[in-house]
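Novice: make a model of this:
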Amino acid sequence: MIQPIFSPITKIEMPVWKTLRNIDIVDCREPLEPVSLSSHLRMYPAYFNLRIAHALPECFVRASLLDKLNRAAKMLPNGISLVILDGWRPFSVQEYLFETLVNLMKKAQPQYTDEQYLEHARTLVSPPSDNPLNPSPHLTGGAVDVTLCDSNGRFLNMGTAFDEAHDNSWTSTLERLVEQGSSHLTQSRNNRRILHHVMSEVGFSNLPSEWWHFDYGNQLWAYNTGASQAIYGAVTVGGIEQLWKHQLNSKDSFEI
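Specialist: Residues are numbered from 1 along each chain as shown. Model prediction:
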């Protein structure tokens, strides 16, 4: 009998974006929490380490996501850890990633239309949007990019690298390739199964074009799970200026 943690990953289709955009958001106002304070998780802020402008040296997620990530990490086999690569993402970073990808696609494949570039690019990076009705998933604090590592901190082989623009980055692709005889991908397929299983078990949904991308509470999650509404909208990491502004404008502010 196949153990559940190694059960095959079922192929699902990409969202119908027009339908997803119409999902209502009723934000529950959960705060963003820093991942680095968890003793159960590893953190490697990928974009900060790639020196992308305005990327943060910390990964932030909504409070319920942090609880779910901790639960998922505890379900992993001995010697394997959950690594958080990215969570809440500043709009400027989202904009940079999307525009960079589209510009590279236009140079490599100039024969396509703008609509084709958009549809293909969004399988890897969502279009930047801070629209309250349809924000980019990572701007909500309800999207997280994750992978696995061993006890020595070495990333496990997942078949492709994080953010690799390749058909093999689709979550279920290795299931088909191994079945067709690519036995050298068996361990990578199993690693994906482990990651997908623990994340799904605690309530995350997966973006089918990215084995590393999981959602909870945002519109992508609501679409994939059939929830009636999303509970996370666009949010920001509060700074000291924002805190003081709020305090000075409140009835309980101190007098100078």
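Novice: off-centre distance for the helix ranked longest in the chain?
Specialist: Of all the segments of type helix in the chain, defined by DSSP state H, the longest one is helix 91-108. Computed by Cα atoms, centre = their mean, to the nearest Å, the chain-centroid distance of helix 91-108 equals 17 Å.
Novice: buried stuff in it?
Specialist: 91, 93-98, 101-102, 105 (16 or more other Cβ atoms under 10 Å). Where C-beta positions appear, they are placed from N, C-alpha and C, glycine not excepted.
Novice: TSV for the residues you listed, including pLDDT and distance to residue 236?
Specialist: TSV is the format used below for these (pLDDT from 0 to 100; distance: Cβ to Cβ, whole Å):
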residue	pLDDT	distance to residue 236
91	96	9
93	97	13
94	97	13
95	96	15
96	96	17
97	96	18
98	93	19
101	94	24
102	92	25
105	90	30
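Novice: reformat these as TSV; add distance to residue 130.
Specialist: What follows is these, written out as TSV (distance: Cβ to Cβ, whole Å):
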residue	distance to residue 130
91	5
93	12
94	9
95	10
96	14
97	15
98	13
101	19
102	18
105	23
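Novice: who touches the longest helix of the chain?
Specialist: Here helix 91-108 makes contact (Cβ atoms under 8 Å, 6 or more residues apart in numbering) with 47, 52-55, 112, 117-118, 120-121, 124-128, 130, 136, 138-139, 165.
Novice: hmm, try it at 7 Å
Specialist: Counting by Cβ atoms under 7 Å, 6 or more residues apart in numbering, the neighbours of helix 91-108 from elsewhere in the structure are 47, 52-55, 117, 120-121, 124-125, 127-128, 130, 136, 138-139.
Novice: need the contact list for the residue lying closest to residue 166 once chain neighbours are set aside.
Specialist: Distance criterion Cβ to Cβ, 6 or more residues apart in numbering; nearest residue to residue 166, sequence neighbours excluded, is residue 160 at 5.3 Å. Applying Cβ under 7 Å, 6+ apart to residue 160 gives the contacts 166, 168-169.
Novice: per-residue confidence at residue 160?
Specialist: The predicted local confidence for residue 160 comes out at a pLDDT of 98.
Novice: of the contacts of helix 91-108, grab the buried ones for PyMOL.
Specialist: Command for PyMOL that selects the buried part of the contacts of helix 91-108, burial taken from 16+ other Cβ under 10 Å:
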select buried, resi 47+55+117+120+121+124+125+128+136+138+139
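Novice: in helices, which of the contacts of helix 91-108 appear?
Specialist: For the contacts of helix 91-108, membership in helices holds for 47, 117, 120-121, with DSSP H as the criterion.
Novice: name the nearest residue to residue 46, sequence neighbours excluded.
Specialist: For residue 46, ignoring the flanking residues on the chain, the nearest one in space by Cβ to Cβ, 6+ apart is residue 85 at 4.3 Å.
Novice: confirm that the one you found sits in a helix.
Specialist: No. Assigned with DSSP: H, G, I helix; E, B strand; the rest coil, residue 85 falls outside any helix and is strand.
Novice: how about the strands of the protein, start to end?
Specialist: Taking DSSP state E, the strands of the chain run over residues 32-34, 42-43, 60-62, 80-86, 143-150, 205-206, 213-215.
Novice: and of those strands, who's closest to residue 71?
Specialist: For the strands of the chain, proximity to residue 71 was assessed by Cβ to Cβ; strand 80-86 is nearest, at 10.1 Å.
Novice: what lines up beside that closest one in the sheet?
Specialist: Strands adjacent to strand 80-86 in the sheet, as given by DSSP bridges, are strand 42-43 (parallel), strand 143-150 (antiparallel).
Novice: nearest to residue 198 among these would be which one?
Specialist: Taking Cβ to Cβ, strand 143-150 is the member of the strands paired with strand 80-86 nearest to residue 198, at 9.4 Å.
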